[in-house]
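1. show me how the following folds:
(chains A and B)
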Amino acid sequence: MAATPRLRARGARLTAIALPAAELRRLLQLGLAGLWLFDGILQLQPYMFTTGFARQVLAPAASGNPSAVAAPMSAIARLVSHHPVPANAGFAAFQVGLGLAIAWRPTVRAALAASIVWALAVWWLGEGLGGVLTGSAGPLAGGPGAALLYAVLAVLVWPLGPAEERSRAGDRAFIGAGRIGVPAARLTWLGLWAALAGLALTRSSRSAQGVHDLLVGMAGGAPSWLAAIDDRAAALAAHRGLAIAVAVAFTCTGIAISAFGSRAAVRAGVVAAATLGAVIWVVAQAFGGIAGGQSTDPGSGPLLMLIAIAYWPLAGGGQW
Amino acid sequence: MVMPIWLSDGLAVAMLTVAAYCASRLVVARLTHRSTSYSIDAVHTAMGVAMAGMLTARLVSTTTWVVVFAMAAGWFGFRTVRGLVGVPSGAVGPHMRHLVTSGAMVYMLVAAPVAASASPSAVVATQGMGAAGTPGVQFPTVALLLVAFMVGYTVMVTDRTSRRATEQCATEQIIAPRSVACCQVAMNLTMGYMLLTML
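-> Numbering: from 1, shown residues only, chains lettered A, B, ... in the order given. Sure, this is the predicted structure:
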């Protein structure tokens, strides 16, 4: 009988821990839902209903990839080129549907599962595996592909049931570990940021004028204040491509290994990751170039920030 | 770059449907003495008609619509301020959100792409949103922020509607509260799309 109040008190503590975690997870799910909605609206831009979408966006992504990867991409590009209106309308409707279904609580699990499949399909057939195999896309240019990050985020924010939320409250260190567990979540973080570090050092990323040319390209079509930032950054980056690539790689490496450090180290890593994501999004990607009329997503920056938040150490979470 | 005609017409039909539904809510609430938010249903009706006109290049008297939505923004701004200073006039959040959506309508009407020898509002009135995408939109950062707002608002409305009926609806027995949320989702997405194509 005496144990009952203690158990009740313990249950109350667990509930107190679980509720903020559940709410934070839901906020991240809603962030993902918003990004899918944004994608769907972008997919409805007039340019996407022309053959230019297939010829200038889809088809070029296949070049440089191994034939096993490129052949299905070329086939999809041809198909879309022959039927641009129904294909694009279908893409847009599906992405808007994904966003609404993730935001609609009863369908969140099915929608997240569908979003993982769709994101991986887009990563391959639309983005050419994000240029990972061709070495053409560094982290500043969106590598390893925004679509892959959609899938990673969907896994990290997979919902738990109320009972599961309470039972796992004691051994969960951060939101991203909710479904896959702490070790797998840490390995995911390590793999993602190590990949970004590696992509920062590819030939195209470390070329003397690589970053400069990227920033100059993003300035075109951006609002004037953003173009001014890009122009200024491009001037600073001129002939400094190698130094910037090394600095980005060094930062990404530090972020990657931070997940295996102390709680303070993890916090520092998460802040660094979110900050780097924000800088990449604003300066290098100009908010995904959405003002240009040909963008299919808002870029990898917001996804890197949301993923970072999923690794923020929870108060009262499990052992680090 | 021109928006496909079937898309602009389809969205216009959807907006007119929303407008007709919101107008019918006003009538039903009046006849059956049930509760509804008159100001929100009225502004939704006006928005639906105006957006359909902008989409199909059949918007009559742009200046009048600017005045209508400026007045709506003023009304919701007044309600928001009253709520913030503690005067009991309902929740602040919905009024603030409708302040932004009314302001977005004003923005779309006055900041449309500038064509040579034509005023911004004349472009919307004569070419419609289907012709948007030409360079020259004024204050593009505002359009970007409004698109982000529309997406965020849509996500929030969908999440809240799926969680539970709002407390206000439960206590005041507002007519079909979920249908209002559906109308808001449709209008927000359409408005976000129209803003994006203006860039």
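2. could you list the low-pLDDT ranges of chain B?
-> Flagging of chain B using pLDDT under 70 yields the residue ranges B:1-2, B:87-90, B:113-136, B:164-174.
3. spell out which parts of it neighbour chain A.
-> Within reach of chain A by C-beta under 8 Å from any C-beta of the partner chain, chain B has these residues: B:1-4, B:7, B:133, B:140-141, B:144, B:147-148, B:151-152, B:154-156, B:158-159, B:161-163, B:185, B:189, B:192-193, B:196-197, B:199. Using the backbone N, CA and C atoms, a C-beta is placed for each residue, glycine as well.
4. what about the residues you listed, which are in helices?
-> Judged by DSSP state H, those include B:7, B:140-141, B:144, B:147-148, B:151-152, B:154-156, B:158-159, B:161-163, B:185, B:189, B:192-193, B:196-197 as members of helices.
5. isn't residue A:266 up against residue A:313?
-> Yes - judged on C-beta atoms under 8 Å, residue A:266 makes contact with residue A:313 at a distance of 5.5 Å.
6. who's more crowded, these two?
-> Counted by other C-beta atoms under 10 Å in any protein chain shown, residue A:266 and residue A:313 do not tie: residue A:266 has more neighbours, with 21 against 17.
7. and stretch A:20-38, how far out from the chain's middle?
-> Offset of stretch A:20-38 from its chain centre (C-alpha atoms, centre = their mean, to the nearest Å): 13 Å.
8. is any part of it close to chain B?
-> Yes - using C-beta under 8 Å from any C-beta, stretch A:20-38 reaches chain B at A:26, A:30, A:33, A:34, A:37, A:38.
9. what's near enough to touch the third one?
-> In other words, residue A:33. A:98, A:99, A:100, A:102, A:103, B:155, B:158, B:159 (C-beta atoms under 8 Å, 6 or more residues apart in numbering or on different chains).
10. test my guess that the fifth one contacts residue B:159.
-> Spelled out, that is residue A:103. Yes - Residue A:103 sits in contact with residue B:159 when judged by C-beta under 8 Å, with a separation of 4.9 Å.
11. who has more neighbours, these two?
-> Using other C-beta under 10 Å, the more surrounded residue of residue A:103 and residue B:159 is residue A:103, with 28 against 19.
12. and the more buried one, how close does it get to chain B?
-> 4 Å (C-beta to the nearest C-beta, to the nearest Å).
13. confidence score at that residue?
-> With respect to pLDDT, residue A:103 has a value of 96.
14. what do you get for residue A:289?
-> Value listed for residue A:289 in the pLDDT field: 86.
15. on contacts alone, who are the packing partners of whatever helix or strand residue B:31 lives in?
-> Assessed by DSSP states H and E, residue B:31 sits inside helix B:5-32. Contact partners of helix B:5-32 among helices and strands, from 3 or more C-beta pairs under 8 Å, 6 or more residues apart in numbering or on different chains; DSSP states H and E: helix B:38-56, helix B:177-198.
16. and the angle from it to helix B:177-198?
-> Calculated by axes from the mean of the first three to the mean of the last three C-alpha atoms, to 10 degrees, helix B:5-32 forms an angle of 150 degrees with helix B:177-198.
17. in helix B:5-32, what's buried?
-> B:7-8, B:11-12, B:14-16, B:18-19, B:21-23, B:25-26, B:29 (16 or more other C-beta atoms under 10 Å in any protein chain shown).
18. between those, which is nearest chain A?
-> residue B:7 (6.9 Å; C-beta to the nearest C-beta).
19. does the closest one touch residue A:43 like I think?
-> No - using C-beta under 8 Å, residue B:7 makes no contact with residue A:43, being 11.6 Å away.
20. excluding chain neighbours, what is closest to residue B:92?
-> residue B:83 (3.6 Å; C-beta to C-beta, 6 or more residues apart in numbering or on different chains).
21. that neighbour should be in a helix, yeah?
-> Yes - under DSSP: H, G, I helix; E, B strand; the rest coil, residue B:83 falls within a helix.
22. now for the residue lying closest to residue A:51 once chain neighbours are set aside, how many residues are close by?
-> Distances taken as C-beta to C-beta, 6+ apart place residue A:81 nearest to residue A:51, at 5.0 Å, with adjacent residues excluded. If you count neighbours by other C-beta under 10 Å, residue A:81 ends up with 17.
23. ok, residue A:68 next?
-> As a burial measure, residue A:68 scores 7 neighbours (other C-beta under 10 Å).
24. where are the low-confidence patches of the stretch 151-300 of chain A?
-> Low-confidence segments of the stretch 151-300 of chain A (pLDDT under 70): A:168-172.
25. rerun that using 80 as the cut-off
-> Counting by pLDDT under 80, the ranges of the stretch 151-300 of chain A that qualify are A:162-172, A:220-221.
26. that one against chain B: which residues are in contact?
-> A:223, A:225, A:226, A:287, A:290, A:291, A:293.
27. and the two most separated of the residues you listed?
-> Comparing all pairs in these by C-beta to C-beta, the longest separation belongs to A:225 and A:293, at 19.0 Å.
28. quick one, which of those two is more surrounded?
-> Ranked by neighbour count (other C-beta under 10 Å), residue A:225 and residue A:293 place residue A:293 first, with 19 against 10.
29. ok, the more buried one touching residue A:44?
-> No - between residue A:293 and residue A:44 there is no contact, the gap being 11.4 Å when judged by C-beta under 8 Å.
30. quickly list what's touching both of these two.
-> By C-beta under 8 Å, 6+ apart, no residue touches both residue A:293 and residue A:44.
31. how about the helices of the stretch 1-150 of chain A, start to end?
-> Remark: helices assigned in the stretch 1-150 of chain A by DSSP state H, counting those that start in this stretch are A:3-43, A:51-52, A:59-62, A:67-82, A:84-103, A:108-125, A:146-156.
32. neighbour-wise, give me the winner out of the contacts of residue A:33.
-> Highest neighbour count within the contacts of residue A:33, by other C-beta under 10 Å: residue A:102, with 30 neighbours.
33. need the contact list for that residue.
-> A:29, A:30, A:32, A:33, A:36, A:108, A:111, A:112, A:115.
34. may I ask which two of those residues are separated the most?
-> So, the contacts of residue A:102 by C-beta to C-beta: farthest apart are A:30 and A:115, at 13.2 Å.
35. higher neighbour count, these two?
-> When residue A:30 and residue A:115 are compared for neighbours, residue A:115 comes out ahead with 25 against 20, by other C-beta under 10 Å.
36. pLDDT score assigned to the more buried one?
-> pLDDT, residue A:115: 97.
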